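Trainee: Next come a sequence and a model predicted from it.
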Amino acid sequence: MTPLLGLALVGSYLSGSIPFGLIVVRLLANKDVREIGSGNIGATNVARAAGRPAAIGTLVLDAVKGLAPTLLALRFAPELGWELAVPLCGALAVVGHCFPVWLGFRGGKGVATGLGVALALAPWAALAGAATWLVLYKLLRISSVGSLAGVAVALVVAGFTAPRSSLLGFAAVALVIVVRHKSNLERLLQRQEK
């Protein structure tokens, strides 16, 4: 691994690890989002802590922190012969969001950051996943159902529309998001998810 590639991978993780949900809630509501609701720093819990505009802002910022390093990798990695750097940078941005070094490795679920990565790797898959989340959330009012279904749909659509190298990144991102939703899945199976 060259120093430049190592820098790209570390930079992707650090980009993902910026706790925008924590920052937005502190600035707008003077609260610690980790002490409210689920304790999560993602947009869903930000909505509980500081309202819908704060949640939308957090969602956009969290998506950008996945989109930016993945787009940079798409731009420069192929020229340098680092084909695997693109999916790795995207996956590490999501890992950074879920396990941020600044917060004791306790972060969000990775859905919005994963959306940003998906927008860079396979826009049609990202749009299909986002539409799935929106429809299911409107119908059921359970964000985790929409998130997990959106990830599944995005992965399937990516299988048909994304370059083969991008599928590795998609699969890694999907795995991280599903693992982070373990407690939600348990509550869904027990019909206790709010």
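Mentor: Nice, thanks for sending it over.
Trainee: which helices and strands sit right next to the helix or strand residue 138 falls within?
Mentor: Using DSSP states H and E, residue 138 falls within helix 123-140. The contact analysis (3 or more CB pairs under 8 Å, 6 or more residues apart in numbering; DSSP states H and E) places helix 123-140 against helix 111-121, helix 143-161. In short, each C-beta sits where N, CA and C put it, glycine included.
Trainee: In that helix, which residues are buried?
Mentor: 125-126, 128-130, 132-133, 136-137 (16 or more other CB atoms under 10 Å).
Trainee: same deal with stretch 88-101?
Mentor: 88-100.
Trainee: Reformat these as JSON lines; add secondary structure, distance to residue 69 and pLDDT.
Mentor: Below are these laid out as JSON lines (DSSP: H, G, I helix; E, B strand; the rest coil; distance: CB to CB, whole Å; pLDDT from 0 to 100):
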{"residue": "88", "secondary structure": "helix", "distance to residue 69": "10", "pLDDT": "90"}
{"residue": "89", "secondary structure": "helix", "distance to residue 69": "5", "pLDDT": "93"}
{"residue": "90", "secondary structure": "helix", "distance to residue 69": "7", "pLDDT": "93"}
{"residue": "91", "secondary structure": "helix", "distance to residue 69": "10", "pLDDT": "94"}
{"residue": "92", "secondary structure": "helix", "distance to residue 69": "8", "pLDDT": "96"}
{"residue": "93", "secondary structure": "helix", "distance to residue 69": "5", "pLDDT": "97"}
{"residue": "94", "secondary structure": "helix", "distance to residue 69": "10", "pLDDT": "97"}
{"residue": "95", "secondary structure": "helix", "distance to residue 69": "12", "pLDDT": "97"}
{"residue": "96", "secondary structure": "helix", "distance to residue 69": "9", "pLDDT": "97"}
{"residue": "97", "secondary structure": "helix", "distance to residue 69": "11", "pLDDT": "96"}
{"residue": "98", "secondary structure": "helix", "distance to residue 69": "15", "pLDDT": "96"}
{"residue": "99", "secondary structure": "coil", "distance to residue 69": "16", "pLDDT": "96"}
{"residue": "100", "secondary structure": "coil", "distance to residue 69": "15", "pLDDT": "96"}
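Trainee: Fine by me, we can end here.
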